[in-house]
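A.B. asks: task: produce atomic coordinates for the following.
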Amino acid sequence: MALGLASGFLEPLESTSIYLIQSGIARLIQMLPDRHMSAVLRDQFNAESAFEIERIRDFLILHYCVTARRDSEFWKYCAAMSIPDELRAKIELFRETGRFYRNAEEMFGLTSWVQVMVGQGLVPSGYHPLVDSVADAELAQLGESVRQVVASCVAAMPSHEQFIDRYCRAPVAA
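C.D. replies: Here you go, the predicted structure:
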């Protein structure tokens, strides 16, 4: 039984180590609660652990394979590298339809996947036809509502300097 960095390391792009430790412990408690090692539970534990690692791996690879950067051999390699079939299918689904589906057990949510894809310049060529049933004025109102919520949250937050002064100010040298 290995947890944390003893079980593997993905990369620091998305800090997943603490999450993987916590989910591994939770899975261990759920599936292996005593000294008896059931082969069925062991296999299920390993299958769920592999699934979790593979979905995180795919999310990390996404950052590299959909970027438009080609300014070095590294980025050229990333653009041409082989990617897992499941990730390729997710990218193509989003590229063609603007839709994305995930398994509820994955670490990263739908918004995280979509933010990376759109943020890296992957813009869908299509969209769900239900979008056409929403009036432009209603969409504009929704956008304005979101803008107002974000603005009020920003206004309520301290500045970076105020936060540092309050929570982690360096001691004054004597």
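
A.B. asks: can you map out the helices along this structure?
C.D. replies: For the chain, the helices defined by DSSP state H cover 17-31, 39-65, 73-80, 85-97, 110-119, 136-156, 160-167.

A.B. asks: next, format the ones you listed as TSV and append distance to P129.
C.D. replies: Any C-beta I mention is one placed from the backbone N, CA and C, and that applies to glycine too. What follows is the helices of the chain, written out as TSV (distance: least, Cβ to Cβ, whole Å):
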stretch	distance to P129
helix 17-31	36
helix 39-65	26
helix 73-80	32
helix 85-97	10
helix 110-119	19
helix 136-156	15
helix 160-167	44
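
A.B. asks: show me the domain layout of the protein.
C.D. replies: The record assigns the chain these domain ranges, following automatic domain parsing: 4-130, 134-167.

A.B. asks: so of those domains, which one's packed in deepest?
C.D. replies: Across the domains of the chain, the average number of neighbours (mean count of other Cβ atoms under 10 Å) peaks for domain 4-130, which reaches a mean of 14.

A.B. asks: that one: end-to-end distance?
C.D. replies: Length of domain 4-130, first residue to last, Cα to Cα, to the nearest Å: 43 Å.

A.B. asks: now find how far off-centre that domain is within its chain.
C.D. replies: Computed by Cα atoms, centre = their mean, to the nearest Å, the separation of domain 4-130 from the middle of its chain amounts to 7 Å.
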